[in-house]
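[1] Structure of the sequence below:
(chains A, B and C, ligands or ions: 1)
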Amino acid sequence: MLFVTFIGVTSLRKCCFIYHDVNKELHNDFARIDTVMMDKFLVNKRKLESADDFDENHHTKKYKQEANDYEALSIKTLIIRPLKWRDLRAENLDCDYGILFSKVNADRILCQCERMLNYNEGQLAKVKIFGKWHDIPRKQVAHGDPGLSYTFSNNTVPARPWTPFLDDIRDAVSDVTGHSFNFVLINRYKNGCDHMGEHRDDEKDLVHGYPIASLSLGQPRDFIFKHADSRGKKAKRSIEPLKLLLEHGSLLLMKHPTNTYWYHALPQRKRLLGVRINMTFRQMVPASNSGNKTTKPKAELP
DNA sequence: GTGTCTAACCGGT
DNA sequence: AACCGGTTAGACA
Ligand SMILES: [Mn+2]
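    Down below sits the predicted model:
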């Protein structure tokens, strides 16, 4: 018994050592870590993260930077040209998918995310569903124009102001999609256990017909579309779900009316160890003009 | 082939 | 857009 405990403590120490070591490099320069080291890190990362008393902030806080210390990467100039888009089509589903950044550049941007971004805590990180409050199984924060907020499951999340870093990314996403955005929702999935259940985005805050641009960084994850008519026991119809891998440095443009007819989800993938950060850029209806009924639908954009 | 174990899936709440 | 419990599918020995 004593022996087992001793081994346990020793391996945990080693585990922490590799974790700190690689974690430090991850927050400075991805390129300096080889794949063997990275694999060890990921396994140890999962061990630590699954512990009940794991405090993620403790490990990331010391690398955080002030928003104004952002050294502009000029992200727009990093986009791979010409960009190859893949068309995703199904009944009432219309999306474009493409890889915007090489691995090296996507690594850099992810690294900046880990340094620059802070996430909501406490009540803002909770939802009420079927009468019960839960912590959301991921980290989340929203940035946007003054006065905007995002509501889901009894939770209204106010947008924080734009930062130089997020402006840089927004500029790149606008450039590549031809659309402007006044809001971004950021979700951070620390490993394959973090996830998001199936849902449609609440459209009452969104400008009708406007596309949503979803930038993925880090751990590639499955993304599932399910048609509203083919869900549940009493499904009206049988429509195959669509599965899509959202890769490191990729952009998914969800165009109207995809979100009206199709649910989407980022399911658990327990064997995946890496962190994924997703940014969904949106065009929201200003609070003073909410209701969306009075908003004239925008002319269809290219 | 058969048993075991885990992750994934689905419906209920 | 959450968790839980029951069921199922696939990996491995
Ligand atoms: Mn969504």
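[2] Next, the residue of the stretch 151-300 of chain A found nearest DNA strand B: secondary structure please.
    Of all residues in the stretch 151-300 of chain A, the one sitting closest to DNA strand B is residue A:270 (3.8 Å; Cβ to the nearest atom of the strand). Every residue, glycine included, has its C-beta placed from N, CA and C. Using DSSP: H, G, I helix; E, B strand; the rest coil, the structure places residue A:270 in coil.
[3] Show me the helices in the stretch 201-302 of chain A, by range?
    Ranges of helices within the stretch 201-302 of chain A are A:258-261, based on DSSP state H, counting those that start in this stretch.
[4] Point out the residues in it that sit beside DNA strand B.
    With Cβ under 7 Å from any atom of the strand as the criterion, the stretch 201-302 of chain A meets DNA strand B at residues A:231-233, A:241, A:267-271.
[5] Which pair in these has the greatest spatial separation?
    Farthest pair in these (Cβ to Cβ) is A:233 and A:271. Separation: 29.5 Å.
[6] related to what we said a few turns ago, relative to residue A:128, how far out is the residue of the stretch 151-300 of chain A closest to DNA strand B?
    26 Å (Cβ to Cβ, to the nearest Å).
[7] There's contact between residue A:100 and residue A:79 in this structure, I believe.
    Yes - with contact defined as Cβ atoms under 8 Å, residue A:100 and residue A:79 form a contacting pair (5.2 Å).
[8] anything in contact with each of the two?
    Counting by Cβ atoms under 8 Å, 6 or more residues apart in numbering, the contacts common to residue A:100 and residue A:79 are A:172, A:176.
[9] May I ask which helix or strand encompasses residue A:58?
    helix A:56-60 (DSSP states H and E).
[10] Show me what that helix is packed against.
    helix A:2-26 (3 or more Cβ pairs under 8 Å, 6 or more residues apart in numbering; DSSP states H and E).
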